[in-house]
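Asker: 3D model of this:
(2 chains)
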Amino acid sequence: MDWDAPAIVLDARPYGEGDAIATVMTAEHGAHRGLARGGAARGRTAIWQPGNLIQARWVARLSDQLGSFTAELVHPAAALAMDDALAMAMLSSACAVAEGALPEREPHPRVFEGLLHLIAHLSQGQAVLGDLIRWETVLLADLGYGLDLTCCAVTGETADLAFVSPKTGRAVTEAGAGIWTSRLLRLPSFLVGGNDAAPPDWRDGLRLTGHFLERDAFGHHHRPLPLARRMLYDRVAALVSRLESSSDA
Amino acid sequence: MGGPEIERLIGLLAKLPGMGPRSARRAALRMLQQPDTRMLPLATALADAARAVKPCSVCGNLDSQDPCAICGDSRRDRSVICVVEGVGDLWALERASVFHGLYHVLGGTLSALSGVGPEDLNVTPLLVRVEQGVTEVILALGATVDGATTAHWLTDRLKPLGVTVTRVAQGVPIGGALDVLDDGTLAAALRARRPS
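Answerer: Modelled structure (predicted):
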């Protein structure tokens, strides 16, 4: 059994002294684990950094075995993001969420394409945050926990959607929300065809997808939201606060 | 083979870094053949080290005195702290004799996937030390995703204390040829270029 495909490294944990158990994602094979010989050794560890795009080859005697990887680096996304705190936080968060939420060996081409797009545009910094939030909604939808943002759950209106029910994941308008506003999650307008994401939308969007990732994608496996995802939210929330306070002044 | 004592000795040696069952067997045999000159001095040294060596209460270095020899050395520059991931990194810097300030051993790096959070690292004592007249903190952490994440996180906490935060450079190693470097290192080296 073997395959050869472009892949994104999601994780590589040291195994023994020089090897690593790597998780990569491909369009056809989804999240896939394997033994990367020498993956934690000095000469090869740069290849197996989360977020890197590689050309991976997986080989095993039987399809249900762990198998082993060999790889060649195609795009060193991790190295390119290292100097930028926000880019690094987005890359770590996306890889940790994909690694933790996606079932093994189940293809999710839309999630793969979205992650590839994110990695390619990380250098744009804040401008990619909207894409990251959209990618998380795609991931939720692919896992069967999609948000229903087509119309208001209360009034049936399709315009002016402003909130999402934390229970059902359905959109609600300002009028439909009534006195329950404080209990609902704010829906950033860029997720329902509005303008480009503004700074408060980044925070609201991450809070929205974070709630459903935590409750559904990770909660059903009795696991918390990954630390990298929580750190990304903290970083963005601090950034938005700084931007808001500087605009007030 | 030769009784449970030998098997136990080989089993314990095989768990050490760089050793496997085969090399452990060779080491055990050499010690057993020369117990007076190799085995007993080693056993004494192991027992002495286990009893005396403790983490330094100031920086986290391993030493038989507390504070460690580095923290207690009055000739060292006390205005600069170099933050390293582990004691091995501290030893590497000391071996090179290029840094004459103080150290702080974090005891790891933040890792989302391994579940290592800020509370698992030796961070609070670092923040306390920085407030005691330190002017520069050098983050000498690995050029990995976890190392970079930890460096950014530490920078966010150290900057408000009014200290200069720097990071060790990344790029072409001494004696290294460009054509054998990986793309990531080349990109980092080009980004960190300086006027010649």
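Asker: use CA for all of it now, contacts and neighbours both
Answerer: OK.
Asker: Now do the strands in chain B.
Answerer: Under the criterion DSSP state E, chain B carries strands at the ranges B:54-55, B:62-63, B:77-84, B:101-105, B:136-140, B:164-167.
Asker: okay if I get these as JSON lines plus mean neighbour count, mean pLDDT and distance to chain A?
Answerer: Formatted as JSON lines, the entries for these read as follows, by neighbours: other CA atoms under 10 Å in any protein chain shown; pLDDT from 0 to 100; distance: least, CA to the nearest CA, whole Å:
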{"stretch": "strand B:54-55", "mean neighbour count": "17", "mean pLDDT": "95", "distance to chain A": "24"}
{"stretch": "strand B:62-63", "mean neighbour count": "18", "mean pLDDT": "96", "distance to chain A": "22"}
{"stretch": "strand B:77-84", "mean neighbour count": "20", "mean pLDDT": "96", "distance to chain A": "17"}
{"stretch": "strand B:101-105", "mean neighbour count": "24", "mean pLDDT": "97", "distance to chain A": "21"}
{"stretch": "strand B:136-140", "mean neighbour count": "21", "mean pLDDT": "97", "distance to chain A": "13"}
{"stretch": "strand B:164-167", "mean neighbour count": "16", "mean pLDDT": "96", "distance to chain A": "10"}
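Asker: just so I know, which of these lies nearest A:Gly205?
Answerer: Taking CA to CA, strand B:164-167 is the member of those nearest to A:Gly205, at 31.9 Å.
Asker: what lines up beside that closest one in the sheet?
Answerer: Using DSSP bridges, the neighbouring strands of strand B:164-167 in the sheet come out as strand B:136-140 (parallel).
Asker: Taking strand B:101-105 as reference, get the angle to the strand it pairs with.
Answerer: With axes from the mean of the first three to the mean of the last three CA atoms, to 10 degrees as the criterion, the two stretches strand B:136-140 and strand B:101-105 enclose an angle of 50 degrees.
Asker: hmm, the helix or strand hosting A:Leu208 in reach of chain B?
Answerer: A:Leu208 belongs to helix A:199-212 when assigned by DSSP states H and E. No. Counting by CA under 8 Å from any CA of the partner chain, chain B has no neighbours in helix A:199-212; the shortest distance is 15.4 Å.
Asker: could you say what helices and strands the least confident helix or strand in chain B by mean pLDDT packs with?
Answerer: Counting by mean pLDDT, DSSP states H and E, chain B has its least confident helix or strand at helix B:183-191, which shows a mean of 86. In terms of contacts (3 or more CA pairs under 8 Å, 6 or more residues apart in numbering or on different chains; DSSP states H and E), helix B:183-191 is packed against helix A:77-81.
Asker: Show me how far the helix holding A:Leu208 is from its chain's centre.
Answerer: What separates the centre of helix A:199-212 from the centre of its chain is 13 Å, taken as CA atoms, centre = their mean, to the nearest Å.
Asker: Can you tell me what sits against the helix or strand following it?
Answerer: Proceeding N to C from helix A:199-212, the next assigned helix or strand is helix A:227-248, under DSSP H and E. The contact list for helix A:227-248, computed with CA atoms under 8 Å, 6 or more residues apart in numbering or on different chains, reads A:86, A:89-90, A:92-94, A:96-97, A:199-200, A:202-203, A:206-207, A:210, B:111-113, B:115, B:117.
Asker: From the residues you listed, keep the buried residues only.
Answerer: Among the contacts of helix A:227-248, those scoring as buried are A:86, A:89-90, A:92-94, A:96-97, A:199-200, A:202-203, A:206-207, A:210, B:111-113, B:117 (criterion: 16 or more other CA atoms under 10 Å in any protein chain shown).
Asker: Any buried residues in the least confident helix or strand of chain B, and which?
Answerer: Judged by neighbour count (16+ other CA under 10 Å), helix B:183-191 contains these buried residues: B:183-189.
Asker: for stretch A:102-118, the distance to its chain's centre please.
Answerer: Here the centre of mass of C-alpha atoms in stretch A:102-118, compared against the chain's by CA atoms, centre = their mean, lies 10 Å away.
Asker: got it, and stretch A:30-49?
Answerer: Averaged over its C-alpha atoms, stretch A:30-49 has a centre that lies 21 Å from its chain's centre (CA atoms, centre = their mean).
Asker: Tell me if that stretch is near chain B.
Answerer: Yes. Looking at stretch A:30-49 against chain B by CA under 8 Å from any CA, the contacts come from A:46, A:49.
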